[in-house]
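Colleague: Could you work out the structure for the sequence below:
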Amino acid sequence: MKALVTGATGFTASHLCERLLAEGYHVRGLVRNPSRCSALSQRGGELVAGDLRDLESLKDAVNGIDVVYHIAALYRQENVSRRDMWETNVQGTRNLLDAALGAGVQRFVHCSTVGVHGDIKSPPANEETPYGPGDHYQESKAEGERVALEFMAETQLPIVVFRPGAIYGPGDLRFLKLFRAIKRRRFIMLGSGQVSYHMIYIDDLIDGILLCGSSDKSVGRVYILAGESAATLNQIVEVIGEVLDSPPPALRLPVAPVYLAGLVCEVVCKPFGIDPPLYRRRVDFFRKNRAFDISKAKSELSFKPKIDLKTGIGLTAEWYQRQGLL
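Modeller: The predicted model follows:
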């Protein structure tokens, strides 16, 4: 089997490439700059240059491919516009689908995000919970989902959509700031800390992605892939503190004033092209509930997360320490 993985330099996609190679796949990684992904070629993978915004550049990438794992996306950054998001996450998805259809690809696995649901008012949410995106990134990912599912209805290209929870594990840097703040006793909890947050360890996520790419039941379906259960922010911070041998933070602040300060920072900084030191999306981490029901993936895919929160955080912390990051 030949697999194309988009965004091969990214955290999730690089782990997926490693697993596919280990399972005997011929793996082709789509990247903008092949020189940044020498690790894949050193392991026996193939690199191809391409840009999701350029349909012509994708045709060689999908030639001879059996299954496409579309992981690449333009992630949220303060200097990225809504138009940029749309060009990559929506039109880019459409371009890749067109190329895959033309090449006779047998299956297309599309990575979305649980963020398409936004703030969960009645947790846990499931695959049928209405969209409720809260920013440009989540809006673009919701629209990318719609494009993929509508494309299957129109063309019969076999497509599976998965929505991962908050991905973490060795190699991830998005949670490094949180680990560092707790380690250095500088973390401040905003609000009660009782909002839910649903994480998934990278190895468990890769298990789920591979099931999406191989299960006979998965075609045309949408699956939430997350850990066995959500945790509160208090619980997550407590576990990180235990692993790092740091006491839990004593200082708490109300959310509302900090959220307002984030708004002021955005208004003042953006006209000058300056990344604000504080913005509302970061404060949303303390405000929004994100808990999900994974029973559909468990029943239809036999998906079963194996890594509990404390084990996963411990493995992540060990990697940070080996890299000299903590």
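
Colleague: what about stretch 218-234, start to end distance?
Modeller: End-to-end distance for stretch 218-234: 35 Å, by C-alpha to C-alpha, to the nearest Å.

Colleague: what is the rounded mean pLDDT of that stretch?
Modeller: Looking at stretch 218-234 alone, the average pLDDT works out to 97.

Colleague: Pull out the buried positions in that stretch.
Modeller: Applying a neighbour-count criterion of 16 or more other C-beta atoms under 10 Å, the buried positions in stretch 218-234 are 218, 221-227, 229-233. Any C-beta I mention is one placed from the backbone N, CA and C, and that applies to glycine too.

Colleague: from those, which is closest to residue 3?
Modeller: Distance ranking of these against residue 3, using C-beta to C-beta, places residue 218 first at 15.4 Å.

Colleague: element containing residue 216, please.
Modeller: In this structure, residue 216 is located outside every helix and strand according to DSSP states H and E.

Colleague: send the alpha carbons of stretch 309-326 over as PDB?
Modeller: Extracted as PDB, the C-alpha positions of stretch 309-326 are listed here (Å, rounded to 0.1, in the frame of the first residue of the first chain):
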ATOM      1  CA  LEU A 309      -3.500  11.100  31.500                       C
ATOM      2  CA  LYS A 310      -0.800  10.600  34.100                       C
ATOM      3  CA  THR A 311       1.200   8.200  32.000                       C
ATOM      4  CA  GLY A 312       1.000  10.400  29.000                       C
ATOM      5  CA  ILE A 313       2.000  13.600  30.800                       C
ATOM      6  CA  GLY A 314       4.900  11.700  32.400                       C
ATOM      7  CA  LEU A 315       6.200  10.500  29.000                       C
ATOM      8  CA  THR A 316       5.800  14.000  27.600                       C
ATOM      9  CA  ALA A 317       7.600  15.600  30.600                       C
ATOM     10  CA  GLU A 318      10.500  13.100  30.200                       C
ATOM     11  CA  TRP A 319      10.900  14.000  26.600                       C
ATOM     12  CA  TYR A 320      10.900  17.800  27.500                       C
ATOM     13  CA  GLN A 321      13.600  17.100  30.100                       C
ATOM     14  CA  ARG A 322      15.700  15.000  27.700                       C
ATOM     15  CA  GLN A 323      15.600  17.900  25.200                       C
ATOM     16  CA  GLY A 324      16.600  20.400  27.900                       C
ATOM     17  CA  LEU A 325      13.400  22.300  27.500                       C
ATOM     18  CA  LEU A 326      12.300  22.300  31.200                       C
END
